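Peer 1: Would you be able to build a 3D model of this:
(one chain, ligands or ions: 1)
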Amino acid sequence: MQNINIKNTDMKAIVLTTIGGPENLEETDIPIPTIGDDEVLVKVKAISINPVDAFARANQASLNFVYQLKGDEQHIVLGWDISGVIIQTGVAVRKFKTGDAVFGMVKFVGQANGYAEYVAAPAWQLALKPDNISFEEAAGATMAALTAWDSLVIDGKIKKGDKVIIHGASGGVGHFAIQIAKYFGAYVIAVGSAPNKDFILSLGADEFIDYKTQVFEEIITDADLVHDSVWSDDVRHIERSLKATKAGGILLSLIVPFDNDFLAKLKAKNVKGYRVAVHANEEDLNAIAALLATGKIKTHVSKVFQFREMAKAHEHIQSKNTIGKIVAVV
Ligand SMILES: NC(=O)c1ccc[n+]([C@@H]2O[C@H](COP(=O)([O-])OP(=O)(O)OC[C@H]3O[C@@H](n4cnc5c(N)ncnc54)[C@H](OP(=O)(O)O)[C@@H]3O)[C@@H](O)[C@H]2O)c1
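Peer 2: Next comes the predicted model:
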């Protein structure tokens, strides 16, 4: 396979100088990564930004875990969600060739070093970008889409006719969750705030509940599945979601882990609880690519930042008011 020559040995990357605010993200020249036998080198076109990027930037324990920090790294470069074009393939790679346009969530958890011009990615963590979508849309359909898929399809075993509550409906994960649930033939009750109602309904939700003025667990008490992605100051949010789940139903928690007390409550109501943890999976990413290719799901990109504006993108994602996905273009 013909590899494309790169003249430079350095590339631009957004480096985290120290744990702290978005201003600690600095554009710096660092060496282009080398690839392993089962990896490809991607010339990055777009990067999507997730809440976890901002947590890891600001919080040592979070960085230690999601970046698998060892302490001797020359540079810390956040970012896991990319789209781009393959310019080199490792000797063991059969799946792709140079010139292929691809997208995926790379090395999560671990050191993908995604905020960069070039990323070394395991081939199995990438899928071909469908021709009908942009690099921005492809970059957005990575961690958020895989999380919605893991939650509803893998853990939730969603099926036709299920009554499903989607919290955080207007956000990155939520907007994919609505579309995936509708694809499987579920009845979707989406929880969001009034300014995003039209957007949420346009994604196919059957009902809308405004979390600022309505009490969802008083309106719905018999959901087959509840997808809870809300980290609120009110620690009882997951308890409220349990109230909305029917006996025999499934509660999917994207954030709150279950303690023994809560596990006992799940058992008492005969509800299965899952703490969803997104992970790369070739089959799931290919399923998402197929839905994107046929227009069954779409990425809503609400904001595009320039690469050098990564700090601004972090300010945006940490507002917790993101609509759909935000991306940076390289
Ligand atoms: N477990 C995992 O593997 C995993 C993977 C990915 C993400 N996550 C977590 O899941 C959460 C969602 O991720 P994301 O990428 O979708 O975040 P996001 O794009 O920032 O979305 C946030 C959305 O949540 C909405 N929201 C906030 N409070 C709400 C409430 N009480 N009820 C309903 N909606 C509410 C916001 O709408 P308004 O502006 O209307 O408030 C906003 O649209 C994050 O905390 C993230 O860290 C977990």
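
Peer 1: my read is Asp150 is in a helix, agree?
Peer 2: Yes - counting by DSSP: H, G, I helix; E, B strand; the rest coil, one finds Asp150 located in a helix.

Peer 1: surely it meets Val276?
Peer 2: Yes - the pair Asp150 / Val276 is scored as a contact, 5.5 Å apart, by C-beta atoms under 8 Å. Where you see a C-beta, it was placed from the backbone N, CA and C, and this is true even at glycine.

Peer 1: I'd say Ile86 and Phe96 touch.
Peer 2: Yes - counting by C-beta under 8 Å, Ile86 touches Phe96, with 5.3 Å between them.

Peer 1: Pick out whichever of those two has more residues nearby.
Peer 2: Neighbour totals were compared for Ile86 and Phe96, and Ile86 leads with 24 against 20 (other C-beta atoms under 10 Å).

Peer 1: which residues touch that one?
Peer 2: Contacts for Ile86 were tallied using C-beta atoms under 8 Å, 6 or more residues apart in numbering; they are 40-43, 96-102.

Peer 1: mind running it again at 7 Å?
Peer 2: Residues near Ile86 by C-beta atoms under 7 Å, 6 or more residues apart in numbering: 40, 42, 96, 98-100, 102.

Peer 1: Extract the residue ranges of the stretch 101-250 of the chain that are flagged as low pLDDT.
Peer 2: Scanning the stretch 101-250 of the chain for pLDDT under 70 picks out 232-235.

Peer 1: all helices of it, in order?
Peer 2: With DSSP state H, counting those that start in this stretch as the criterion, the stretch 101-250 of the chain has helices at 135-140, 143-149, 172-183, 197-202, 216-219, 237-244.

Peer 1: Around the ligand, pick out the residues from this protein.
Peer 2: Contact residues (C-beta under 6 Å from any ligand atom) of the chain with the ligand: 50-52, 143-144, 147, 167-168, 170-174, 191-193, 196, 211, 229-232, 254-255, 276-278, 317, 320-323.

Peer 1: So Ser170 versus Val226, what's the distance?
Peer 2: 17 Å (C-beta to C-beta, to the nearest Å).

Peer 1: Val304: what secondary structure?
Peer 2: What three-state DSSP gives for Val304 is strand.

Peer 1: Closest approach to the ligand from the stretch 101-250 of the chain, which residue is it?
Peer 2: Residue of the stretch 101-250 of the chain nearest the ligand, by C-beta to the nearest ligand atom: Gly171 (2.1 Å).

Peer 1: Neighbours of that residue, how many?
Peer 2: Per other C-beta under 10 Å, the neighbour tally for Gly171 reads 24.

Peer 1: With that, I have no additional questions.
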